[in-house]
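>>> I'll drop the sequence and a predicted model, then ask my questions.
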Amino acid sequence: MKITWSAQARCDLRAIRNFIARDSEHYARLQIERLIDRVEHTAGMPSKGHPVHEFIESGLREVHEGGYRIIYGIQNEEFQVVTIIHMKQQMK
């Protein structure tokens with residue numbers, strides 16, 4: 001399945017990386033690798049995620065990785081990463 005990243009999701013990855021890198025470049029890189037690996041793994045089994053509870057009717061799903069929620073949708077055989085937020089953040 002083809003994976004596409006929204007502009008927001010790409011921005012989220014950069015922000016996560018920059019935040020963690022303030023303390024450790026090494027751990028920032030590892031966390032980003034884990035998030036990308038989770039996306040690639042989930043794209044192979046998109047039904048593995050569960051519905052986003054804030055938007056049940058939207059069809060969006062989510063998986064978790066290292067304290068982050070990866071929010072995605074499936075459309076026309078395309079796995080679309082919508083956003084990545086920390087679990088302590090509120091979904092807007």
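Nice, I can see it. Numbers count the residues shown, from 1 in each chain.

>>> what about the helices in the chain?
With DSSP state H as the definition, the chain shows helices at residue ranges 7-21, 25-44.

>>> and the residue lying closest to residue 51 once chain neighbours are set aside, how many residues sit next to it?
Setting aside the residues directly before and after it, residue 51 is nearest to residue 61 in space (CB to CB, 6 or more residues apart in numbering), at 5.9 Å. Every residue, glycine included, has its C-beta placed from N, CA and C. Counted with other CB atoms under 10 Å, the neighbours of residue 61 add up to 20.

>>> so how far is residue 20 from residue 61?
25 Å (CB to CB, to the nearest Å).

>>> Tell me the buried residues in stretch 36-55?
Judged by neighbour count using 16 or more other CB atoms under 10 Å, the buried positions of stretch 36-55 are 36, 38, 39, 42, 43, 49, 52.

>>> Which pLDDT does the model give the residue nearest in space to the middle of the chain?
Centrality entry for the chain: nearest residue to the mean C-alpha point is residue 70, 2.5 Å, by CA atoms, centre = their mean. As predicted, residue 70 sits at a pLDDT of 98.

>>> Residue 30 now?
Reported pLDDT for residue 30: 97.

>>> Repeat that for residue 92.
Reported pLDDT for residue 92: 69.

>>> Parallel or antiparallel, which strands does the lowest-mean-pLDDT helix or strand in the chain pair with?
The weakest-scoring helix or strand in the chain, judged by mean pLDDT, DSSP states H and E, is strand 50-51 (a mean of 93). Using DSSP bridges, strand 50-51 pairs in its sheet with strand 61-65 (antiparallel).
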